[in-house]
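In: Starting from these lines, generate the structure:
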Amino acid sequence: MATIRFLLRKDKTRSDGTAPVYLRVTSRRRSRHLSTGIRIEPRFWNDARQEVRRSHPLSDAYNARLADLRLEAERAALEAGARRAAPEAVIQQLDGTGTSFYRFLDAFIDDLERKGRVWSWKRYRVLRGKLEACFGPRLDWGDLDGKALVRLERYLTDRLGNGANTVRKELAMLHRVVRQAIRDGEVGADRDPFLRYDPPRPKRPERRRLTMEEVARLESLDLPPGRLRRTRDAFLLSLYLCGLRFGDLCCLKVRNLEGDRIRFRMNKTGRPHTVPVPERARRLLEPYLEGKDPEDFILPLLQRGDDRDPFHLRRRISSNNTLANVDLKELARLARLERPDTLTFHVSRHTFADLARRGGDVFAVSKALGHQRLEVTERYLASFDEEAVDNLARTLWSE
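Out: Next comes the predicted model:
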């Protein structure tokens, strides 16, 4: 059961000599405070009796306010105690924010923004929009149960046309928020709606990939200088550089090129990564390196200063990725590739993984792609040595 007391915060005394009275809730060795809105001079506070002394002209009104607050706090503590919630839950009940799931989700998203986790921040903002479209502008913790998850699954599937794997990812993100709320004491572990819900079974997706013959057709396209040529070169560079992600390719600077290797930090994970630069990639890079300083981006996809703000950088990468995917469909038609409308930049990663797997080591493929877990690589088709990755690149892109 939580302990509830009032205390005079003398450390917050104003120039007029008054200090605020706070409500303190202590539970599970943690304390949280809520302002009562009352300010008095310290001489008017009776700490032993937990009340304002009668010598204060507003003692009756102030003490009535404190009595009401104590009663509300005790009621909230009883409810919170039933689910072993932390003192934050009691305070939230008192200030009217404790029942809203959206309030917690918004704080969760704000925390991602403060930490600069741009990629996760954007994904959770999208999830927030889908939840509101499904459930409306109000969603309380009490409404989030197994039936609500089934309703969300049907909305994602029937209304948005999401496949089983996309639905599983969205629900997994939602579950992460719920688990964080449980860790924070927002709700009890017994209130986890996923305990009474079975997510859709994953389906093995059909991943678009190119054959070596199709890669050769893209390479042989005679394109004038311009956006199409730049997009074709970027796609091929991703292939040559072990399936480099579009965002990482955009952010490569001249200083990242060190001899026959490129060393950089991956946008998605923040981990350092290195890939070899085979001769085909070097020839493709040379025109883009002419006259540039170490801090210049190699490809003209970003401009100097775009990486100063991570959120601006994410937007620039996203818009460029959209344009690149439009260009790739046109390039696929020019090269007479099968199913041209299915060619996207991410196909370069699938293609590298598939080609490398056929003639290489799945562990080396995992290292080359920058996957943290081998299972991720296996779904495409730790620290492993660079020599295996180099051998893959040399085998695939030798003349």
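In: Return the set of residues that bridge with the residue lying closest to residue 5 once chain neighbours are set aside.
Out: Spatial nearest neighbour of residue 5, excluding adjacent residues (Cβ to Cβ, 6 or more residues apart in numbering): residue 24 at 5.1 Å. Where C-beta positions appear, they are placed from N, C-alpha and C, glycine not excepted. Judged by DSSP bridges, the bridge partners of residue 24 are residue 5, residue 33.
In: pLDDT wise, what is residue 24 at?
Out: Here, the pLDDT recorded for residue 24 equals 88.
In: Need the pLDDT of the nearest residue to residue 50 once chain neighbours are set aside.
Out: Of all residues not flanking residue 50 in the chain, residue 6 sits nearest, at 5.2 Å (Cβ to Cβ, 6+ apart). Turning to residue 6, the model gives it a pLDDT of 94.
In: next one: phi and psi at residue 294?
Out: Per-residue torsions, residue 294: phi -60, psi -30 (degrees, to the nearest 10).
In: number of nearby residues for the residue lying closest to it once chain neighbours are set aside?
Out: Using Cβ to Cβ, 6+ apart and skipping the chain neighbours, the partner closest in space to residue 294 is residue 255 (3.9 Å). Each residue near residue 255 was counted by other Cβ atoms under 10 Å, and the total is 13.
In: Tell me if residue 255 really is in a helix.
Out: Yes: per DSSP: H, G, I helix; E, B strand; the rest coil, residue 255 lies within a helix segment.
In: if we can go back for a sec, neighbours of the residue nearest to residue 5, how many?
Out: 18.
In: And it, how close does it get to residue 51?
Out: Distance of residue 24 to residue 51, given as Cβ to Cβ, to the nearest Å: 15 Å.
In: if we can go back for a sec, what number of residues are in the vicinity of the residue nearest to residue 50?
Out: Per other Cβ under 10 Å, the neighbour tally for residue 6 reads 19.
In: hang on, isn't the residue nearest to residue 294 packed against residue 295?
Out: Yes: the pair residue 255 / residue 295 is scored as a contact, 6.7 Å apart, by Cβ atoms under 8 Å.
In: right, and the residue nearest to residue 50 touches residue 24 too?
Out: Yes: look at residue 6 against residue 24 with Cβ under 8 Å: they come within range, at 7.2 Å.
In: The residue lying closest to residue 124 once chain neighbours are set aside: neighbouring residues, count only.
Out: In this structure, residue 124 finds its nearest non-sequential neighbour in residue 109, 4.9 Å apart by Cβ to Cβ, 6+ apart. Using other Cβ under 10 Å, residue 109 has 19 neighbouring residues.
In: and residue 109, what element?
Out: helix 101-114 (DSSP states H and E).
In: Show me what that helix is in contact with.
Out: By Cβ atoms under 8 Å, 6 or more residues apart in numbering, the surrounding residues in contact with helix 101-114 are 92, 97, 120-121, 124-125, 128, 131-132, 138-141, 143-144, 177, 180-181, 186, 311.
In: got the buried residues for it?
Out: By neighbour count with 16 or more other Cβ atoms under 10 Å, helix 101-114 contains the buried residues 101-105, 108-109, 112-113.
In: Please apply the same query to stretch 244-263.
Out: For stretch 244-263, the neighbour count (16+ other Cβ under 10 Å) marks 244-253, 256-257, 262 as buried.
In: Among those, name the ones in helices.
Out: 246-251 (DSSP state H).
In: Surely residue 254 touches residue 290?
Out: No: using Cβ under 8 Å, residue 254 is not in contact with residue 290, being 10.5 Å away.
In: Give me the common contacts of the two.
Out: Common contact partners of residue 254 and residue 290 (Cβ under 8 Å, 6+ apart): none.
In: The contacts of helix 101-114, buried ones only, as a PyMOL selection?
Out: Here is the PyMOL command that selects the buried residues among the contacts of helix 101-114 (16+ other Cβ under 10 Å):
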select buried, resi 92+120+121+124+128+131+139+141+144+177+181+186
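In: Please enumerate the strands of the stretch 251-399 of the chain.
Out: Along the stretch 251-399 of the chain, counting by DSSP state E, counting those that start in this stretch, strands occupy 257-258, 261-265, 272-276.
In: residues contacting the residue nearest to residue 162 when sequence neighbours are not counted?
Out: Counting by Cβ to Cβ, 6+ apart, the nearest residue to residue 162 once its immediate chain neighbours are dropped is residue 156, at 4.4 Å. For residue 156, the contact set (Cβ under 8 Å, 6+ apart) comprises 130, 134, 162, 166-167, 170.
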